[in-house]
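Asks: Sequence first, predicted coordinates after that:
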Amino acid sequence: MPRYAVREIACKSLINRVVGMPFGWSINPYRGCRHACVYCYARPTHEYLGLNAGDEFQEVIFAKTNAAQIVRRELSRRSWKGGCVAIGTATDPYQQAESRYRITRGILDAFRDHRNPLTITTKSPMVLRDMDILADLAQSASVTVQMTVTTMDLRLWRELEPTTAKPADRMKALARLHQRGIQTAVFLSPILPGLTDDADHLEAVIARARDAGVDFLWGGSLRLGPVVRDYYLDYLDREHAELMEPYDRLYRGTYAPVSYRERIQQRLDDLRSRYGFVDERPAEKERRAPPAQLSLFRADPDSSRAPLAAASA
């Protein structure tokens, strides 16, 4: 495994147009991610840099050191209409390098000055460091911080997301943000067949999100693109070899069958409703004026808490 290293780079642009996603614009202050999540869909992006999607994705991190300067320039353009920007769509803006480089904080400072709406996706309580900026911005623009939480199970957490903060610490961070008037959300994704797709796993996350005062919660099933597929299946072969054959049946392509995904969505929707999560996502608001598992592969597919192996047929 290569030694962990951060390479400083300059970017020419930062705010990227996004098509086919729930958000229209995105920013990623870093390339590569130290969190080393086994299911990370962004791994293939390192191959464009001549690096591999495995160890090098999590050991060679690129820091866009001029990001704050570039985003100020882009937010100042007359053509910019103040659209909501999603920060951290590919790699975590609060991964370990942020404690040294403070790139994300510089970006947020620019957004505060321009009163521009944003969302942040992270797995790190380090976001609390910037609560002063976020609370200020929330007075004049829409601000949402969402934490990705795949499981509350500590054994699985350590396998799946080796260098991330504990799930309970993420929930505590969301509670503090909520208390400061910042919209919060939990992204329960990806939901992993045979590991976290049972009702007990999902309910554990949703119940903790409710206790933390989270405003919104949504989730989705695992997607296995070509490069990610190899890395994730290597993990399964090492840690959960009994799931290899069922996954081979379930993932004949990038996505699990529609029947499986619909059942997972129904299970998720039922739990969301039970815990009072009515809206899946916060509405994207523009600039505002300042204020005056039971397991997948076990029996009884008709039960609401049962596995969904029948969906692979």
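Replies: Cool, the structure landed.
Asks: Buried residues, stretch 146-160. List them.
Replies: Buried residues in stretch 146-160, defined by neighbour count with 16 or more other CB atoms under 10 Å: 146-153, 156-157, 159-160. All C-beta spots, glycine's among them, are computed from the backbone N, C-alpha and C.
Asks: So which of these are in strands?
Replies: Per DSSP state E, strands hold the following members of those: 146-148.
Asks: want to throw these into a markdown table with distance to Ala42?
Replies: Shown next, in a markdown table, are these (distance: CB to CB, whole Å):
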| residue | distance to Ala42 |
| --- | --- |
| Gln146 | 16 |
| Met147 | 17 |
| Thr148 | 12 |
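Asks: Just put the residues you listed in CSV and tack on pLDDT and distance to Arg129.
Replies: What follows is those, written out as CSV (pLDDT from 0 to 100; distance: CB to CB, whole Å):
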residue, pLDDT, distance to Arg129
Gln146, 96, 17
Met147, 97, 15
Thr148, 97, 18
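Asks: Now the two most distant members of the buried residues of stretch 146-160.
Replies: Gln146 and Glu159 (22.8 Å; CB to CB).
Asks: list the helices and strands whichever strand in the chain runs longest packs on?
Replies: When the chain is scanned for its longest strand (criterion: DSSP E), the result is strand 183-191. Helices and strands touching strand 183-191, as assessed by 3 or more CB pairs under 8 Å, 6 or more residues apart in numbering; DSSP states H and E, comprise strand 143-148, helix 167-179, helix 199-211, strand 216-221, helix 258-274.
Asks: angle of that strand against helix 199-211?
Replies: Following axes from the mean of the first three to the mean of the last three CA atoms, to 10 degrees, one obtains 170 degrees for the angle between strand 183-191 and helix 199-211.
Asks: strands paired with strand 183-191, and their directions?
Replies: strand 143-148 (parallel), strand 216-221 (parallel) (DSSP bridges).
Asks: Tell me which residues touch Gly276, please.
Replies: Counting by CB atoms under 8 Å, 6 or more residues apart in numbering, Gly276 makes contact with Arg210.
Asks: For Val205, see how far away it is.
Replies: Noted for Gly276: a distance of 14 Å to Val205, by CB to CB, to the nearest Å.
Asks: for the stretch 51-200 of the chain, what spans make up the helices?
Replies: Here the stretch 51-200 of the chain has its helices, by DSSP state H, counting those that start in this stretch, at 55-59, 67-75, 98-101, 103-114, 131-137, 154-160, 167-179, 199-211.
Asks: Compare those and give me the one nearest Val38.
Replies: Closest to Val38 of these is helix 154-160 (CB to CB; 5.6 Å).
Asks: Identify the residues contacting the closest one?
Replies: Contacts of helix 154-160 (CB under 8 Å, 6+ apart): 37-39, 150-151, 164, 166-167, 192, 195-196, 235, 239.
Asks: again, but for stretch 63-79
Replies: Contacts made with stretch 63-79 from outside it, assessed by CB under 8 Å, 6+ apart, are listed as 6-15, 27, 29-31, 80, 97, 101, 103, 106-107, 109-111, 113-114, 116.
Asks: Now the residue positioned nearest the centre of the chain: closest residue in space, sequence neighbours ignored.
Replies: The residue lying closest to the centre of the chain (CA atoms, centre = their mean) is Thr148, at 4.3 Å. In this structure, Thr148 finds its nearest non-sequential neighbour in Phe187, 4.6 Å apart by CB to CB, 6 or more residues apart in numbering.
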